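How does the following fold in three dimensions:
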Amino acid sequence: MTLDATANPSYARNAASPALTASLAIMVIAAVTLAGAWFFQLVLEILPCPLCLEQRYAYYFAVPFAALLGLAAAKGAPRPLLLAGLAILALAALANASLGAYHAGVEWGFWQGPTDCTGPIGNFGSAGSLLERLDKVKVVRCDEVQWRFLGLSLAGYNVLISLLMAAIAAWGIARTTRRP
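Just a heads-up that it's a prediction; the model follows:
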């Protein structure tokens, strides 16, 4: 009886690759976070404010980038390339954590947030019913929390998730650097 790692040395190399593990973990976390955001928006009808939408950009970036990085790690890409990719993911996650912390501070009233708001824009029909239809548009403000769990808003959870992704990327960097 032989183990896959014994029979196939490249399998052993990739199975224990910290860059592969870190990039795939980040990809999954980012994809699940986006799915959760869309669930809150489309199913629970908790509409995002402008800052919420901006916080999704890091996840939209992380999913395909981490997938590419994982593929590169699986194919035996050079260590400097893997380290640079993990560093980019870490920086994107840290920047997103900062944006989430800013948004949470706006929600708590620590500082003033942006003045723009969002709402659904659709067919307003005839000019006669325009004012009536405008009254039905739900405006989402960045300083009003629509949902909290255990005292944290979605912006607060974004901070925690982003810091987790940055920590996983840092772990991947540290382990990839020490790897023979």
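
how close does residue 155 get to residue 164?
Distance of residue 155 to residue 164, given as C-beta to C-beta, to the nearest Å: 15 Å. Any C-beta I mention is one placed from the backbone N, CA and C, and that applies to glycine too.

These two - which one has more neighbours?
Between residue 155 and residue 164, counting by other C-beta atoms under 10 Å, residue 155 is the more crowded of the two (23 against 16).

Next, the buried residues of the helix or strand harbouring the more buried one.
When secondary structure is defined by DSSP states H and E, residue 155 falls within helix 154-178. By neighbour count, with 16 or more other C-beta atoms under 10 Å as the criterion, the buried positions of helix 154-178 are 154-159, 161-166, 168-173, 175-176.

now the strands for this protein?
Listed in chain order, the strands of the chain (DSSP state E) span 148-149, 152-153.

Least confident of these, on average?
For the strands of the chain, the bottom mean pLDDT is recorded on strand 148-149, which sits at a mean of 60.

burial of residue 75, as a residue count?
Once other C-beta under 10 Å is used to define contacts, residue 75 is seen to have 10 neighbours.
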